[in-house]
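Participant: Show me how the following folds:
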Amino acid sequence: MPQHRTDADFLPLRPMTAEDVAAVMALEARAYPFPWTAAIFLDCLKHGHSGWVYEQDGQLQGYAMMMFVLDEMHLLNICIAPECQGQGLGSRFLKTLERIARTAKAETCFLEVRQSNFSAIRLYLNTGFNEVGIRKGYYPTEFGREDAMVMAKTLF
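Facilitator: Numbers count the residues shown, from 1 in each chain. Okay, here's the model as predicted:
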């Protein structure tokens, strides 16, 4: 039986703009040891990728960048402010992105996650994602490269 979701399950996201990139970069730098550059975010926006931000009380608490290809949504980057993690925000953010993807007629969502990022992997598994592959040497590390787990979720 399908789960009934209420509006409380979703976040009030708004589209990311170029004006958001400075705040996104500040959060990205706090959250990741190897952050994207501002140029990457701006290039994604320039090429029509779907960027979203979540703010509460005027503070950026999360963002995501998605790319749509045919009937697939690729979650390129997602971040929840470190001080907001572990409170269910990531799960609600993912549910909201999935609703956006369904509206865009995406049938499957794909993402990569560092194999060492156990909390993110747990979040993805708990929200219905499954491991579908490995990308060798996908992520930079301090002393080389780390594999990425490729995960997917059927949206319909």
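Participant: Where does pLDDT dip in this structure?
Facilitator: Across the chain, the ranges flagged by pLDDT under 70 are 1-8.
Participant: Try it again at 90.
Facilitator: For the chain, the stretches with pLDDT under 90 are 1-9, 156.
Participant: Show me the residue at the heart of this structure, geometrically.
Facilitator: Ile78 (2.6 Å; Cα atoms, centre = their mean).
Participant: can you give me the strands for the chain?
Facilitator: Defined through DSSP state E, the strands belonging to the chain, from first to last, are 14-15, 50-56, 59-69, 72-80, 108-114, 130-141, 144-154.
Participant: Can you name every helix or strand that the fifth one contacts?
Facilitator: Packing contacts for strand 108-114, counted by 3 or more Cβ pairs under 8 Å, 6 or more residues apart in numbering; DSSP states H and E, involve strand 72-80, helix 89-103, helix 118-126, strand 130-141, strand 144-154. In this view, the C-beta of every residue, glycine as well, is placed from N, C-alpha and C.
Participant: helices or strands up against the last one?
Facilitator: Contact partners of strand 144-154 among helices and strands, from 3+ Cβ pairs under 8 Å, 6+ apart: strand 108-114, helix 118-126, strand 130-141.
Participant: Most tightly packed of those?
Facilitator: strand 108-114 (a mean of 20; mean count of other Cβ atoms under 10 Å).
Participant: List the neighbours of stretch 69-85 that are in contact with it.
Facilitator: Defining contact as Cβ atoms under 8 Å, 6 or more residues apart in numbering, one finds that stretch 69-85 is touched by 27-28, 30-32, 36, 44, 49, 59-68, 89-90, 93-94, 97, 101, 104-111, 119, 155.
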